[in-house]
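>>> I need the structure of the sequence given here:
(one chain, ligands or ions: 1)
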Amino acid sequence: MNISVIGTGYVGLITGVGLALNNHKVICVDNNKEKVEMINSKIPPIFEKGLEEALNKTVPSNLSASDNLEKAVLDSDVSFICVGTPCDEKGKCDLTAIKVVSEELGKALAKKNSFHVVVVKSTVIPSTTEKIVLPLLEKNSGKKLGEFGLCMNPETLREGFALQDFLNPDRIILGLRGEETKKVMEEVYGKFSSQKFFCDFSEAEMIKYASNSLLAAKISFINEIGKICKKLDIDTYKVSEGIGLDKRISPFFLNAGLGFGGSCFPKDVTALIAEGKSLGVNTFLLDAVIQVNETQPKTFVDFVKKETELKNKKIAVLGLAFKEGTDDIRESRSIPVIKILLEEKAEVLAVDPKAEENMNKEFPEINYFDSSQKAVDLADVVLILTDWKEFSLLDFKDKLVFDGRNIFNKNKPLNYKGFLW
Ligand code: UDX
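Next up is the predicted model:
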């Protein structure tokens, strides 16, 4: 099929490349000309495993990029909306980009004679597809739902594993109405063996938010259990392993530590809280998920301060990305930790295999090291904040090492301190 993807961030680019790998003909649309150029030159604008190879395989035969939305819509049968929906200052889901693109898509649909399906893949607060996207499409196209198709198909990609997750999803959620749209979406995902789950627009939107909120809740839950365990000298990871054997709980997302960062969990839980409050619902549990998460960085630094002074000490901070496998520092737990270290007048020696350039924009005043070993050798104290496996292979000699991510399986450093284990 001919498919257009509007927005080439993590979700849009991975969706475009993933569909192109499944023999669809894809046009990725972005108003950022530099990104368009990079994609057409097979240069990945983001770091994701397998993306460069996939671009080499699909560009230009199955994948191209353009800044002309109207032409991309006229030349395709399906258009995915993959633009950003960040949190605004009040934590509410900012739908500005969604509204702009919905209007432009509507205007393009007005010029189409064939059936065209619009797919909302951006994470949008429940009821957005029905109450905001659909009216804008109808108003600007002069057509009614049924003369075009509409589907809400939430993304389920983990950064660092995004292409793998797109190509092998646990399930494909399709919130849609009408047989014609269903047939088109079954063709889009025809080569995927994963279960296709059909529901309505708002149910699909809520499945996304509820799924991320529950995963975030599991993390805050085990971190709260972890703080009690640490006081009782209990290894939280043993507890996680034991409870995870109950298949209703599962062993996943029970890794205690510095907590969750990234562009999704903090934003999605905060947006759902804001939506709940705007509807007059008290979100006690979701509030606690955020509160526990926000206390983790300070709890970790307090744990360090129990063992050592920070003022004028050289502190090696190993790990800046919000998790291993990515260069993304959005909501990284390293940011509040570094802030506290600087407030305490420590000297920060920062290291990360991928995220140094991004963190430098946040903290230009700290020292960055290409070599993790060199930073460790120069440091008085070492903090491990991101679970990059390579850190566990370093020679820490007799340095005090505080691990916020439990990266050592066995042979821990001589002077090792586990945060919650
Ligand atoms: C998440 C969801 O996993 C994905 O399905 C959704 O589509 C987008 O949001 P992502 O944010 O990329 O993906 O990363 P994820 O691997 O989920 O980790 C999120 C954060 O939680 C990271 O900071 C990670 O370090 C932390 N985490 C994860 C824990 O602290 N403990 C865990 O057990 C798992």
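
>>> chain center to the strand or helix carrying residue 295, what's the gap?
Assigned by DSSP states H and E, residue 295 falls within helix 284-305. Helix 284-305 has its C-alpha centroid displaced from the chain centroid by 20 Å (CA atoms, centre = their mean, to the nearest Å).

>>> Against which helices or strands is the longest helix seen in the chain packed?
As assigned by DSSP state H, the longest helix anywhere in the chain is helix 201-231. Helices and strands touching helix 201-231, by 3 or more CB pairs under 8 Å, 6 or more residues apart in numbering; DSSP states H and E, are strand 149-152, strand 171-176, helix 236-244, helix 265-278, helix 284-305. Where C-beta positions appear, they are placed from N, C-alpha and C, glycine not excepted.

>>> Can you name the residues in contact with the first one?
Outside of strand 149-152, the residues within contact range by CB atoms under 8 Å, 6 or more residues apart in numbering are 115-120, 124, 129, 133-134, 137, 173-178, 180-181, 184-185, 201-202, 204-205.

>>> about what we covered before: need the helices and strands packed on helix 201-231 in JSON lines with mean pLDDT and distance to residue 23, can you?
Shown next, in JSON lines, are those (pLDDT from 0 to 100; distance: least, CB to CB, whole Å):
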{"stretch": "strand 149-152", "mean pLDDT": "98", "distance to residue 23": "20"}
{"stretch": "strand 171-176", "mean pLDDT": "98", "distance to residue 23": "17"}
{"stretch": "helix 236-244", "mean pLDDT": "98", "distance to residue 23": "39"}
{"stretch": "helix 265-278", "mean pLDDT": "95", "distance to residue 23": "32"}
{"stretch": "helix 284-305", "mean pLDDT": "98", "distance to residue 23": "41"}
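
>>> residue contacts, the closest residue to residue 270 other than its chain neighbours?
Take residue 270 and drop its neighbours on the chain: the residue closest to it by CB to CB, 6 or more residues apart in numbering is residue 91, 4.2 Å away. Residues near residue 91 by CB under 8 Å, 6+ apart: 270-271, 273-274.

>>> Same check on residue 236?
222, 225-226, 229-230, 256, 420-421.

>>> Would you confirm that residue 27 contacts residue 5?
Yes: judged on CB atoms under 8 Å, residue 27 makes contact with residue 5 at a distance of 7.3 Å.

>>> where do the strands sit along the stretch 1-150 of the chain?
Ranges of strands within the stretch 1-150 of the chain are 2-6, 25-29, 63-66, 78-81, 117-120, 149-152, based on DSSP state E, counting those that start in this stretch.

>>> Grab the nearest non-local neighbour of residue 166.
residue 18 (3.9 Å).

>>> I'd like to know how far the one you found sits from residue 54.
Here residue 18 is placed at a distance of 8 Å from residue 54 (CB to CB, to the nearest Å).

>>> Quickly list what's touching both of these two.
With CB under 8 Å, 6+ apart, residue 18 and residue 54 have common neighbours residue 163.

>>> What average pLDDT does the strand or helix carrying residue 166 get?
Per DSSP H and E: residue 166 is located in helix 162-167. What helix 162-167 shows for mean pLDDT is 96.

>>> anything in that helix near the ligand?
No: using CB under 6 Å from any ligand atom, helix 162-167 stays clear of the ligand, with a minimum separation of 7.0 Å.

>>> what packs against that helix?
Checking 3+ CB pairs under 8 Å, 6+ apart, helix 162-167 ends up next to helix 10-21, helix 51-58.

>>> Tell me which of those sits most buried.
helix 10-21 (a mean of 26; mean count of other CB atoms under 10 Å).

>>> For it, which outside residues touch it?
Under CB under 8 Å, 6+ apart, the answer for helix 10-21 is 3, 5-6, 8, 26, 28, 30, 39, 44-46, 48, 51, 54-55, 57-58, 62-63, 80, 82-83, 121-122, 155, 157, 159, 162-163, 166-167, 188, 263.

>>> Which stretches in the stretch 251-400 of the chain count as strands?
314-318, 347-351, 367-368, 381-384, 400-403.

>>> Just the C-alpha atoms of the fourth one, please, in CSV.
This points to strand 381-384. Listed next in CSV are the C-alpha coordinates belonging to strand 381-384 (Å, rounded to 0.1, in the frame of the first residue of the first chain):
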residue,chain,number,x,y,z
VAL,A,381,33.5,8.5,44.3
VAL,A,382,31.6,6.7,41.5
LEU,A,383,27.9,6.8,40.9
ILE,A,384,26.2,4.5,38.4
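
>>> So what are the sheet partners of that strand and their directions?
Its sheet considered, strand 381-384 pairs with strand 314-318 (parallel), strand 400-403 (parallel) by DSSP bridges.

>>> Out of those, which gets nearest to the ligand?
The ligand lies closest to strand 400-403 among these, at 13.2 Å (CB to the nearest ligand atom).

>>> and the next element down the chain from the closest one?
Strand 400-403 is succeeded, C-terminally, by strand 415-418 (DSSP H and E).

>>> quick one: residue 263 and residue 318, what's the gap?
22 Å.

>>> Within range of the ligand, give me the residues from the chain.
155-159, 212, 215, 219, 253-255, 257, 259-262, 264-265, 322-323.

>>> Out of these, which sit inside helices?
Those of these lying in helices (DSSP H): 212, 215, 219, 265.

>>> The second one: what's its closest spatial neighbour, skipping adjacent residues?
Closest residue to residue 215 apart from its sequence neighbours, by CB to CB, 6+ apart: residue 253 at 5.1 Å.

>>> who touches that neighbour in this structure?
Here residue 253 is in contact with 215, 218-219 (criterion: CB under 8 Å, 6+ apart).

>>> Most neighbours among the residues you listed, please name it.
Counting neighbours by other CB atoms under 10 Å, the top entry in the contacts of residue 253 is residue 219, with 22 neighbours.

>>> quick one: low-confidence parts of the stretch 1-150 of the chain?
Applying pLDDT under 70 to the stretch 1-150 of the chain flags no residue at all.

>>> repeat that with 90
By pLDDT under 90, the low-scoring segments of the stretch 1-150 of the chain are 46-49, 86-93.
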